[in-house]
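**Q** next one to model:
(3 chains)
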Amino acid sequence: MEHMTNIIELRHITKTYEDGFSAVSDLNLEVKKGEFITFLGPSGCGKTTTLRMIAGFDLPTEGEILLNGKPITELPPNKRPINTVFQRYALFPHMNIYENIAFGLRQKKTPENVIAKKVKKVLELVDLEGFERRSIDTLSGGQQQRVAIARAVVNEPQILLLDEPLGALDLKMRKEMQLELKEMHRELGITFIYVTHDQEEALTMSDKIVVMAEGKMQQIGSPEDIYNEPANAFVADFIGDSNIFNGIMTGKLKARFCGGEFVCVDDVEEGTHITAVVRPEDVILTAPEKGRIRGIVTSVIFKGIHYEITVESGKNEIVAQSVNSAAVGERVGVQVEPDNIHIMIAEDHTNIFAAEINKNNELEYNGTVLNVPLTRIIRGSREEDGTLLDASGSEIDLKKIRIKISIKPQDIELTDEQEEGLVQGCISNLIYKGDHYSYVIHTDLEQDFVVDDEYLWNMDDQVGLLMPVEKMVFTVRK
Amino acid sequence: MYKNIFSRKSLGIPYLLFLLLFVLLPLFVLIYYAFTNGQGEFTVLNLTGFFTDPNTLGTLCYSFGIAAVTTVVCLLLAYPAAYILAISKLPAKSIIIMLFVMPMWINFSLRITALKEILTWMEGRLAYHPFFNTVLGMSYDFLPFMILPIYTTISKLDGALLEAARDLGAGELQAFLKVTLPLSLPGILSGVSMVFLPAMTNYVVLDMLYNSTYIMGSLIGSYFAAYNWNGGSMIALILLGIVCLFTLMTRGIEEENTRGGALL
Amino acid sequence: MIKKAWKSIVIILVLAFLYLPILVLAVYSFTDATNIGAIRGFSLHNYVTLFTTPELVRMILGTALLALVSALLATILGTLGSIGAFYSGKGMASAINTMNQVPVVNADVVTGFSICILLVVVFGVSKDTFLPLIIGHVTLCAPFVFLSVVPKLKQMDSSIYEAALDLGATPLTALIKIVIPQIFPGIVSGFALAVTLSLDDYFVATYTKPATFDTISTYVVNATKGAQTTIKTALWALSTVIFLLVVLFTVFMNIRAGKQSGERQGV
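**A** Alright, predicted model coming up:
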């Protein structure tokens, strides 16, 4: 029975472009009939690509798309009972509003009197009665948006796809349209699949949110779930403002982070490395002696309905929202209620990459010779006359050996002097983790490195990665 | 499996075939004829002959001379006109631009005829000033092709750049020399390429103005008249080489220029 | 003020250089003079000759027909080519773009000569079939149609084609009802350019035309080489007629453009 209610299913959907870039990888999703579901994520996370595959504009490289249980993966877009509201409306500039809206019905050879009735009705729905003969370029952005919605909705699609439809509108208009779209969804009862990078929009409108990053689904759930129980640091950072700390479980329902021990409600095994997320509005500032940790107020910004107060405690920075102001330099205590601490098991961020062995039996990476003799890496080996011998004295075939290097994020240093780095790359992601920043560096060798650094770098900065050989761990595979 | 019978990509196939057949294939035929003799045997004599015969070398030099002088004359006439037009705020601007375009729609042979009649009246006999008349005729013919690209480039320039230059203390002349002129280089280059090559080859202008000296185009004409396909092909090939050289050169400069533009 | 005057003088001088010969010839075409110089009596005999000499009339109509036919073919080929190239992969697009550039930068003499060699010498097609001439002119014109359509494709909002598919249109319907109307101005200006190029061409025609057929260019060039005076002065009349047609066409286009922009503002 449950299967019946799935209007659309994505099974192991992967989209890889010719240049090897993977826009979406192994995405699985079920959308229930009548749902308002939102794909949320930063630009380039694969949300629009996913939408385009559902619409039929792009074909997945792998995987299957089912509509009402039937595969439609390769069905051309004009044969799908799915309509799209495009990011920049995509209204036909040489047709008036009536002709634009009638376009889809005409393709189905609908009789002209039926078309006229339907167009009139849908124009009422979007509050544009009497606009039939107007030309597109006389409309404001908001009106064009309504025509675009009307043009899609008039075909009575089973699913309406909306690709950042409010992105081109100003803030006030956007807020209005959000409510109207939500109302329209209720009225029409059809499934809406909505794409946006605006978390507030997603939280306001959706029944269900799919948070995406780097082509992968990070979390799926109701707006409340996503906001209150983010699945990982990325989701926590992307949805709302967050304080994100590295920490460790110190006992049953006890976690240590940010220089203090806090009681929490997530039952995670003692000794586990964790990431703790605390929303600024859940940070309670107290008198110094009443706080779990203590710190000094370093900045106070008035935000209209509350103050944003930054507290420095040791090497950590905590952002709090409070209706009461504080003075810069004031000593305060910080307390968080147990159920406001969201504990996630920290992903293992150790970087692992392969090294090469050059002709001179030296270890090499990215054209740089690593100053570590192979004899030290391969246990019990020794070098004689340019060949490597193992403990038993027989020659080691270096072609059959793979050497992997692993290095911890905190052991890598970033530098502006790119040439000094072992490898160069650009910063593709950064998350503030309380006492340091966690960076993802996409190297020129197309690998991703996780680096912890206490200094702030900017997104897309070109940096060199300094990796001390003594911090590297070498593993040999044959 | 659903297959589109119709695809937008396939629309390009007829034109691709057309280009292969009537643009690419003729080039190969030219190469074949240029390096064979009348009996179809391979020879480099057509090539070596061209570069050792003082007559043909003279023709090459004369063509370059005519083309160079014509290009300079066109540039000197066109740049001020295009510049003034581009920066002016005259209400009649669009009409003046039309006036610069209109001559291109009148058959060039008729326009040269008109010029010829005037020159005959002024000079008595055209044959007395062949070089001058030729340059004048070609400039008259090609001038709009120099004006329009320069005009387009200058009028697309961001006025704020000029204001910025003035704001930073440049005088009017300095601002022109340091900002407008370098940024209008792409327009100049495309104008030059539209004038220089036709000026090397359009031998009809010479014929009509009674200039009996040969330019490169005339050589093809005379080989054609003598049914000497091999000789004609070699000249065509040499002209093609000059075109390629010219294109590569201007492309290099243009790239440098856009790189400079990006730095701004 | 003085600077402003200077600017006007430069423009006027350049325009004078471009127009004086044509205008002087136009004035003389209405006289019975055989050379520029002393003005003699008013006469329309040049125009009578122009429109009553069968040789001249045939040449004019032939040129116009050739221009229309080759421009039409060039427009179809060039438009389809540009759409195809725009939507196809890098390989095919760059192949078409590169080859398209050859006739554009090449000297017309070389284009005409190479078409002549290919068709007449290698394939043995008779020039009397008009096939070499038409192919030559299409080769000359189609690349310019291609170049004037491509920018329109680039300007077009690429999602409107997808929107049409999304609304149930087949790819062919989407192309005809959505893409073609969007790039139509480019197609029209490409066609106009093709007509002009064909009308203006001398070299391609010389190398590919049947011996008995003349375009305006080839006729005028031959006629100036010691032709009869009546033909010579009749050509002055032809030059004047073409000039007037161009002026009329320009005025018409300007009025239409003015009206259209007026209409848009009116709404």
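
**Q** residue C:220: helix or strand, and which one exactly?
**A** Assessed by DSSP states H and E, residue C:220 sits inside helix C:216-224.

**Q** ok, and what's touching that helix?
**A** Applying C-beta atoms under 8 Å, 6 or more residues apart in numbering or on different chains, the contact partners of helix C:216-224 are B:107-110, B:113, B:116, B:204, B:207-208, C:56, C:59-60, C:63, C:199-202, C:205-206, C:209, C:214, C:231-232, C:235, C:238. Every C-beta, even on glycine, is put in place using the N, C-alpha and C of the backbone.

**Q** and if you look at stretch A:41-50?
**A** A:10, A:13, A:15, A:23-25, A:27, A:39-40, A:58, A:163-164, A:195, A:197, A:210-216, A:218, A:238.

**Q** how about 7 Å then?
**A** Stretch A:41-50 has contacts (C-beta atoms under 7 Å, 6 or more residues apart in numbering or on different chains) with A:15, A:23-24, A:27, A:39, A:58, A:163, A:195, A:197, A:211-215.

**Q** so how many other residues sit close to residue 198?
**A** By default, I'm working from chain A. If you count neighbours by other C-beta atoms under 10 Å in any protein chain shown, residue A:198 ends up with 16.

**Q** ah, I was thinking of chain B
**A** Based on other C-beta under 10 Å, the number of other residues close to residue B:198 is 22.

**Q** next up, the contacts around the nearest residue to it once chain neighbours are set aside.
**A** In this structure, residue B:198 finds its nearest non-sequential neighbour in residue B:142, 6.2 Å apart by C-beta to C-beta, 6 or more residues apart in numbering or on different chains. Applying C-beta under 7 Å, 6+ apart to residue B:142 gives the contacts B:70, B:74, B:195, B:198, B:199.

**Q** so residue A:14 sits in a strand?
**A** Yes. Applying DSSP: H, G, I helix; E, B strand; the rest coil, one finds residue A:14 inside a strand.

**Q** I'd say it and residue A:63 touch.
**A** Yes. Using C-beta atoms under 7 Å, residue A:14 is in contact with residue A:63, at 5.6 Å.

**Q** which of these two has more neighbours?
**A** Neighbours per residue, other C-beta under 10 Å: of residue A:14 and residue A:63, the larger number sits with residue A:63, 18 against 15.

**Q** centroid-nearest residue for chain B?
**A** residue B:194 (2.5 Å; C-alpha atoms, centre = their mean).

**Q** quick one: it from residue A:322, how far?
**A** 70 Å (C-beta to C-beta, to the nearest Å).

**Q** so how many other residues sit close to residue C:187?
**A** Quick note: residue C:187 (other C-beta under 10 Å) scores 19 neighbours.

**Q** need the residues of the stretch 51-200 of chain A near chain B, please.
**A** A:74, A:75, A:76 (C-beta under 7 Å from any C-beta of the partner chain).

**Q** where does the last one land on pLDDT?
**A** The predicted local distance difference test score for residue A:76 is 90.

**Q** chain C contacts on the stretch 51-200 of chain A?
**A** A:55, A:57, A:76-78, A:83-84, A:86, A:88, A:90, A:92, A:94, A:103-104, A:107-108, A:135, A:138, A:151, A:155.

**Q** of the residues you listed, grab the buried ones for PyMOL.
**A** Command for PyMOL, covering only those of those found buried under the criterion 16 or more other C-beta atoms under 10 Å in any protein chain shown:
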select buried, chain A and resi 55+57+76+77+78+83+84+86+88+90+92+94+103+104+107+151+155
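
**Q** strands - which of the residues of the stretch 51-200 of chain A next to chain C land there?
**A** A:83, A:84 (DSSP state E).

**Q** of the residues of the stretch 51-200 of chain A next to chain C, which belong to helices?
**A** Residues from these lying in helices, with DSSP state H as the criterion: A:55, A:103, A:104, A:107, A:151.

**Q** same for the helix or strand where the residue nearest to the centre of chain B lies, what does it pack against?
**A** Element membership of residue B:194, judged by DSSP H and E, is helix B:185-201. Applying 3 or more C-beta pairs under 7 Å, 6 or more residues apart in numbering or on different chains; DSSP states H and E, we find helix B:185-201 packed against helix B:54-87, helix B:130-156, helix B:216-225, helix B:229-263.

**Q** mind putting those into a markdown table with mean pLDDT?
**A** As requested, the helices and strands packed on helix B:185-201 are arranged in a markdown table below (pLDDT from 0 to 100):
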| stretch | mean pLDDT |
| --- | --- |
| helix B:54-87 | 93 |
| helix B:130-156 | 93 |
| helix B:216-225 | 91 |
| helix B:229-263 | 74 |
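
**Q** and residue A:128, helix, strand or coil?
**A** coil.

**Q** pull the contacting residues for the closest residue in space to it that isn't next to it in sequence.
**A** Of all residues not flanking residue A:128 in the chain, residue A:146 sits nearest, at 5.6 Å (C-beta to C-beta, 6+ apart). For residue A:146, the residues meeting the contact criterion (C-beta under 7 Å, 6+ apart) are A:126, A:127, A:128.

**Q** for the last one, grab the count of nearby residues.
**A** Looking back up the chat, that one is residue A:128. Residue A:128 has 19 nearby residues by other C-beta under 10 Å.

**Q** for it, phi and psi?
**A** Torsion angles at residue A:128 (phi, psi; degrees, to the nearest 10) stand at phi -130, psi 40.

**Q** could you do the second one as well?
**A** Residue A:127 has phi and psi values of phi 60, psi 40 when expressed as degrees, to the nearest 10.

**Q** check the first one too.
**A** When quoted as degrees, to the nearest 10, the phi and psi of residue A:126 stand at phi -100, psi 10.

**Q** now do it against chain C, distance only.
**A** Computed as C-beta to the nearest C-beta, to the nearest Å, the residue A:126 to chain C distance reads 16 Å.

**Q** so what's that residue closest to, chain neighbours aside?
**A** Nearest to residue A:126 is residue A:146, by C-beta to C-beta, 6+ apart, at 3.9 Å.

**Q** how confident was the prediction at that neighbour?
**A** Reported pLDDT for residue A:146: 91.

**Q** find the centremost residue of the chain, please.
**A** I went with chain A, as the question did not name one. Closest-to-mean residue, chain A, C-alpha atoms, centre = their mean: residue A:213 / 2.8 Å.

**Q** please refer instead to chain C.
**A** residue C:196 (1.1 Å).
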